[in-house]
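[1] Provide a 3D model corresponding to the input given below.
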Amino acid sequence: MDLSDLKSLYSGFHIREPRGNNAFSFEKRRQKHIFVPPLIEGALADVVIGKEIVFSEIDEGVEYNPVGLAHFVCFMHGDCPVFVFDNHNHAFAFWMAAWQQGIFPAARPLVHVDQHTDMREPDTWFEYSLNAAPSLQAAFDYTNFRLNVGNFIQPALKLGLFSKVQIIDSSSGFEDPLPDQYVLDIDLDIFAPEMDYIGNQYKLDKIRGYLPKAKLITVASSPYFIDQALAIRFLRKIFNERES
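    Numbers count the residues shown, from 1 in each chain. Below is the predicted model:
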């Protein structure tokens, strides 16, 4: 997959206005900006914790400012591109880039493995249609400055990028049969401590079983919802890399 245009857009930058993920509790927070890391073409080993705050929110009067990944990383798992990033809304831009390059055709199902459904409606919808060949710049701007971690799936469905979404956020969800081919979207917060009621080995085995039929895989490390060292550890287990 050609990443040149994506890397030009995802070059590493701060969001300082109350837009996208930076809008949460903006007026009440002391931390007024978040960082979006640069995208690199690399390997699983390149997914490491960075030093910049990538999300900021106030919960029950306490301000949380988690650090995210040093880089967003794209690598190949067999013939399938895998994008790993921190905040989950970035999946929208990577889905659009992959569709534009023919990695998967429009109207495939999306399989969404996550602690949360992420099915909120955005305040503004993507203004383009697939027939009008929206630019990657437009998708990037919408992803970073309009969407947030909870509302990026509905725009992709409305656009026709996916025919449907199959949400796996519970033990019963893991038992549902999957379609023949799909885009696989994983949030590593499925391994957060509050999800321990579903055995971690069971979740690993299930998710590994989803990989072979995926045309594209997007993975969010979700710094606000899971410790990043724990998230990376499970990421490496999913792709069967020996931990260092």
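
[2] From what I see, His71 and Ile40 are in contact.
    Yes. Assessed by C-beta atoms under 8 Å, His71 is found in contact with Ile40 at 4.7 Å. From N, CA and C alone the C-beta is placed, and that goes for glycine too.

[3] quick one: common contacting residues for those two?
    Counting by C-beta atoms under 8 Å, 6 or more residues apart in numbering, the common neighbours of His71 and Ile40 are Asp46.

[4] more neighbours, the two?
    Ranked by neighbour count (other C-beta atoms under 10 Å), His71 and Ile40 place His71 first, with 21 against 17.

[5] distance of that one from Ser4?
    Per C-beta to C-beta, to the nearest Å, His71 is found 16 Å from Ser4.

[6] same thing with Ile190?
    Taken as C-beta to C-beta, the span from Ile190 to Ser4 is 32 Å.

[7] Could you do Tyr142 as well?
    Here Tyr142 is placed at a distance of 20 Å from Ser4 (C-beta to C-beta).

[8] Please identify which of these two sits among more neighbours.
    Counted by other C-beta under 10 Å, Tyr142 and Ser4 do not tie: Tyr142 has more neighbours, with 24 against 7.

[9] For that one, give me phi and psi.
    Note on Tyr142: its backbone torsions stand at phi -60, psi -40 [degrees, to the nearest 10].

[10] what sits against it?
    Residues in contact with Tyr142 (C-beta under 8 Å, 6+ apart) are Phe92, Ala93, Phe126, Pro155.

[11] Just give me the neighbour total for the first one.
    Counted with other C-beta under 10 Å, residues neighbouring Phe92 total 26.

[12] Pretty sure Val84 sits against Val73.
    Yes. In this structure Val84 lies within contact range of Val73 using C-beta under 8 Å: 4.8 Å.

[13] So for these two, which residues contact both of them?
    Counting by C-beta under 8 Å, 6+ apart, the residues touching both Val84 and Val73 are Leu44, Val47.

[14] Look up how far Lys28 lies from the spatially most distant residue from the centre of the chain.
    The C-alpha centroid of the chain is most remote from Gly61, which lies 27.1 Å away (C-alpha atoms, centre = their mean). From Gly61 across to Lys28, the span is 9 Å (C-beta to C-beta).

[15] next one: phi and psi at Leu3?
    The phi/psi pair for Leu3 (degrees, to the nearest 10) is phi -100, psi 10.

[16] Let me know how buried it is, in neighbour terms.
    Applying other C-beta under 10 Å, we find 17 residues neighbouring Leu3.

[17] wouldn't it be in contact with Ser11 here?
    No. Taking C-beta under 8 Å as the definition, Leu3 is not a contact partner of Ser11, at 11.9 Å.

[18] Quick one: the helices in the protein, in order.
    Applying DSSP state H to the chain gives helices spanning 4-9, 91-100, 136-145, 153-159, 171-175, 200-210, 228-238.

[19] quick one: which of the ones you listed is nearest Gly20?
    Nearest to Gly20, of all the helices of the chain, is helix 136-145, at 5.0 Å by C-beta to C-beta.

[20] what residues are up against Val113?
    Ile168, Asp169, Leu184, Asp185, Ile186, Asp187, Ile190, Ile207, Tyr210.

[21] These in strands, which ones?
    Counting by DSSP state E, the contacts of Val113 place Ile168, Leu184, Asp185, Ile186, Asp187 in strands.

[22] which of the residues you listed count as buried?
    Neighbour counting over those (16 or more other C-beta atoms under 10 Å) leaves Ile168, Leu184, Asp185, Ile186, Asp187 as the buried ones.

[23] Please give me every residue in contact with the third one.
    Looking back up the chat, that one is Asp185. By C-beta under 8 Å, 6+ apart, the contact set of Asp185 is Ala91, Leu110, Val111, His112, Val113, Asp114, Ile217, Thr218, Val219, Ala220.
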